[in-house]
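[1] all I have is the shape, not the residue letters:
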C-alpha cells in the first residue's frame, strides 16, 4: 500500500485523479495552494494527500464560491489546527497527576520533557529543542513571543 504522503504521481496522473487540467495544478503550485515534491529534474510529484487537497480546493471554489486567496487561508488555518492538535496530543501523553513535565531551558524557553529527560546546567543543549528534532522536547513558551 502506498503511503498517503508518498510523492509518486506525475502531474498528468494527479490532474486526472483530481479531475483537473494539468495547467490548473501548475497554477495552484505557483500560488502555494498545493506544494508537490520535486524530482532532481524539477518535475512535480504529487501524493495522495496532495490530490485530496486539490479536490478540496476545487470543492471550496466551485461549491462554496471561495476565491483562491480565501482557499489558501483556509488551508493554512486547517494546517495550523492539525499542528496544534498534534501538540495537544503530545502534551496529553505526559499528563499524569503529580508529574512535572515542563522545565525552563537555559535559553529561557519553557519546554515539555519526557520522563528522565530533565536537563541541568551543562547537560542542557546549546539551543532549545524543537518539535520533531528527536530530543523529546517541545517549546511551549518563548519569552517575548506572541
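    In hand now; what should we look at? Here the structure is a predicted model, which is why all the values come from computation and not from measurement.
[2] how about the strands of this protein, start to end?
    With DSSP state E, the ranges of strands along the chain come out as 37-38, 44-45, 102-104, 110-113, 137-141.
[3] excluding chain neighbours, what is closest to residue 72?
    Of all residues not flanking residue 72 in the chain, residue 33 sits nearest, at 5.6 Å (CB to CB, 6 or more residues apart in numbering). All C-beta spots, glycine's among them, are computed from the backbone N, C-alpha and C.
[4] do I have it right that the one you found meets residue 68?
    Yes: applying CB atoms under 8 Å as the test, residue 33 and residue 68 come out as touching, 6.8 Å apart.
[5] shared neighbours of those two, which are they?
    Common contact partners of residue 33 and residue 68 (CB atoms under 8 Å, 6 or more residues apart in numbering): residue 57.
[6] more neighbours, these two?
    residue 33 (20 against 15; other CB atoms under 10 Å).
[7] show the contacting residues for the more buried one.
    Residue 33 makes contacts with 53, 57, 68, 71, 72, 75, as judged by CB under 8 Å, 6+ apart.
[8] before we move on, what about residue 25?
    Contacts for residue 25 (CB under 8 Å, 6+ apart) come out as 11, 14, 15, 18, 34, 36, 44, 46, 54.
[9] from those residues, pick the one nearest residue 93.
    Minimum distance to residue 93 across the contacts of residue 25 is 31.4 Å, recorded for residue 34 (CB to CB).
[10] burial count for the closest one?
    Neighbours of residue 34 under the rule other CB under 10 Å: 22.
[11] please report phi then psi for it.
    Phi and psi for residue 34, reported as degrees, to the nearest 10, are phi -140, psi 130.
[12] that one and residue 28 touch, don't they?
    Yes: counting by CB under 8 Å, residue 34 touches residue 28, with 5.0 Å between them.
[13] that older thread, now render the contacts of residue 25 as a markdown table, adding pLDDT and distance to residue 110.
    Formatted as a markdown table, the contacts of residue 25 follow (pLDDT from 0 to 100; distance: CB to CB, whole Å):
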| residue | pLDDT | distance to residue 110 |
| --- | --- | --- |
| 11 | 97 | 44 |
| 14 | 97 | 42 |
| 15 | 97 | 46 |
| 18 | 96 | 43 |
| 34 | 96 | 35 |
| 36 | 95 | 37 |
| 44 | 96 | 41 |
| 46 | 97 | 39 |
| 54 | 97 | 39 |
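[14] all set, thanks.
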